[in-house]
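Q: The following comprises the amino acid sequence and a computationally predicted model.
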Amino acid sequence: MPGLVIIGAQWGDEGKGKITDYLAEDAEMVVRFQGGNNAGHTIIIDGKTFKLQALPSGVLRPDKTAVIGNGVVINMEEMEDEIKRIVEAGGTIANLKISDRAHLIMNYHKKLDGAEEKYRGNKPVGTTKKGIGPAYQDKISRIGFRVGDLYEEDLLKEKISFMIPYKKDLLEMMDAEKCQCSNESLFAKMMRWRDMVDGLVCDTSVLINEALDAGKKVVFEGAQGAMLDIDHGTYPYVTSSSTCAGGACTGSGVAPRRIGSVVGCLKAYTTRVGEGPMVTEMEGEEEEALQKLGGEFGVVTGRGRRCGWLDLVQAEHSARLNGFTSIAITKIDVLCGYKEVKVCTAYEIDGKIVKHFPASLSKLEAAKPVYKTVKGWEGWDDTAEVVKNGYDALPEGMKSYISLIEDGLKVPVDLVSIGPGREETIVRRDPWHS
Ligand code: GDP
Ligand code: IMO
Ligand code: MG
């Protein structure tokens, strides 16, 4: 089956960008299907670092088509900056396509994002303040601007004349930063956006389905992670889109039967940015040490990521929701040198052992991790040599750790990522043939 979806198995930042770029080698097309520039995907090619937010990781491979699907929300101005950065760094948007059904993030969405966080008082979500939530709110309320609207000037003028007074009133009511634009200035700005994307906009569902019909391979690049899913994540501490594999269908206009493989990108330990429960979170020096070892600082906001041990209760939730056919384990190299490594295999909540991830925040707050402790392993000097020698040559402790994950999740670990670079990847089995 030529459709392969890559999903973050935790709370984001698992290394999806790296794995997408790696698996894109065999593909014709890379598709983003949800989220927006709240995402920050790092790809390192020949020592050069690229940080992608709204653009699909396919833009770094000039022979691939990179698609921004209908489920994505786009901030045109920030995307313009991102395009500039990527082109300067050697990427290309020559093969970029943008769905006419994708929604636009407006300046007032960013302002509302900040204002809503303020209203949540001492319980903010800790959003990226990119306007993601308010943009999706407008989509669901059926008042959002779509990319295709840029080509219908009368419709656009009508929508602007309704939207500007509405959002101005809303911002004022929320005591938020004012929206300065007039109907005319917003229309002029939107015409500039149209010029910017002209030639790139189309019905991307047709494009993707034609590629699949022709037997071409398509990678669907998830953003965020399963635990940030609006339905299945740690609500309300989630993002505002469907981050799980099902989102690839609705967010790109392909049928479920066209998705053959679902790769869960699983970091060898847990991280989370922003607020919300995280049962295996470490504290103090232990957390700081892992944060430093893993370079756990956000791409988008620069915030330090909270760190903890791997949580198999959480990962099982993810594997079940997404139907992972493979796991790509990432950053396992970061754990080299630990004397002991812990894995959470169950939660203890009010004296009871719980194996399935609960919906209730209070249960999650009360949950104590039940750990299995395994012997650690030493690292190596030459990663290229380790990659060359393949899986069998990895440290025994690391392989036992991987077996523990496979046994716990009943999913094979097909890829082992042992460094941030494209080539620092060990393939045990081709995920395209799962
Ligand atoms: P994404 O949002 O899931 O694409 O992940 P991010 O790019 O936000 O964060 C992952 C970070 O880990 C980036 O700095 C990557 O360069 C880095 N990274 C990815 N895979 C590996 C790996 O296997 N080992 C190490 N040490 N770093 C990795
Ligand atoms: P990638 O694709 C990690 C988190 C934010 C916040 C919550 C809601 O790089 O893995 P939002 O701005 O989406 O309304 O914020 O979701 N969040 C992410 N955390 N990685 C991401 O993306 C994230 N995108 C959003 O920190 O807690
Ligand atoms: Mg990221």
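A: It's in. Ligands and ions are numbered 1, 2, ... in the order given.
Q: Going by C-alpha atoms from here, please, whenever you check contacts or count neighbours.
A: Fine.
Q: Domain ranges for this protein, per the record?
A: Using automatic domain parsing, the domain parsing of the chain gives 3-100+203-433, 103-197.
Q: just the strands in the stretch 201-350 of the chain please.
A: 201-202, 218-221, 259-267, 270-272, 306-308, 310-311, 326-330, 340-349 (DSSP state E, counting those that start in this stretch).
Q: Ligand 2: which of these is closest?
A: strand 270-272 (6.3 Å; CA to the nearest ligand atom).
Q: Contact residues of the stretch 251-400 of the chain facing ligand 2?
A: Val273, Gly274, Glu275 (CA under 6 Å from any ligand atom).
Q: Could I get the contacting residues of the closest residue to the first one other than its chain neighbours?
A: Taking CA to CA, 6 or more residues apart in numbering, and ignoring the residues beside it in sequence, Val273 has Arg305 as its nearest neighbour in space, at 4.9 Å. Going by CA atoms under 8 Å, 6 or more residues apart in numbering, Arg305 touches Thr271, Arg272, Val273, Gly274, Gln291, Glu296, Phe297, Gly298.
Q: could you give the mean pLDDT of stretch 211-231?
A: Averaged across stretch 211-231, pLDDT comes to 97.
Q: what stretches of the stretch 151-300 of the chain score poorly on pLDDT?
A: Residue ranges of the stretch 151-300 of the chain with pLDDT under 70: none are present.
Q: Where does it get nearest to ligand 1, which residue?
A: Closest point on the stretch 151-300 of the chain to ligand 1, by CA to the nearest ligand atom, is Val299, at 5.6 Å.
Q: I figured Ile132 was touching Asn38, is that so?
A: Yes. When contacts are counted by CA atoms under 8 Å, Ile132 is listed as touching Asn38 (7.2 Å).
Q: check which helix or strand covers the residue lying closest to Leu96 once chain neighbours are set aside.
A: In this structure, Leu96 finds its nearest non-sequential neighbour in Ala66, 4.8 Å apart by CA to CA, 6+ apart. According to DSSP states H and E, Ala66 maps onto strand 65-68.
Q: which residues touch that strand?
A: Outside strand 65-68, the residues touching it (CA under 8 Å, 6+ apart) are 28-33, 55-59, 93, 95-99, 102, 204.
Q: Restricted to helices, list those residues.
A: Thr204 (DSSP state H).
Q: hang on, the earlier thing: looking at Ile132 and Asn38, which has the bigger crowd around it?
A: Ile132 (28 against 21; other CA atoms under 10 Å).
Q: distance of that one from Gly114?
A: 11 Å (CA to CA, to the nearest Å).
Q: same check, this time on Thr243
A: 22 Å.
Q: more crowded one of these two?
A: Neighbour count, other CA under 10 Å: between Thr243 and Gly114, Thr243 has more, with 31 against 21.
Q: The closest residue to the more buried one other than its chain neighbours: how many residues sit nearby?
A: Closest residue to Thr243 apart from its sequence neighbours, by CA to CA, 6+ apart: Asp229 at 4.9 Å. Neighbour count for Asp229, taken as other CA under 10 Å: 22.
Q: Contact residues of the chain facing ligand 3?
A: Within the chain, the residues that sit near ligand 3 (CA under 5 Å from the ion) are Asp13, Gly40, His41.
Q: For Thr42, what is the enclosing helix or strand?
A: Per DSSP H and E: strand 41-45 holds Thr42.
Q: Revised request: answer the last question for Leu4.
A: In this structure, Leu4 is located in strand 3-8 according to DSSP H and E.
Q: Partner strands of that strand, with direction?
A: Strand pairing for strand 3-8, determined by DSSP bridges: strand 218-221 (parallel), strand 259-267 (parallel).
Q: So it, near ligand 2 or not?
A: No. Applying CA under 6 Å from any ligand atom, one finds strand 3-8 separated from ligand 2 by no less than 6.8 Å.
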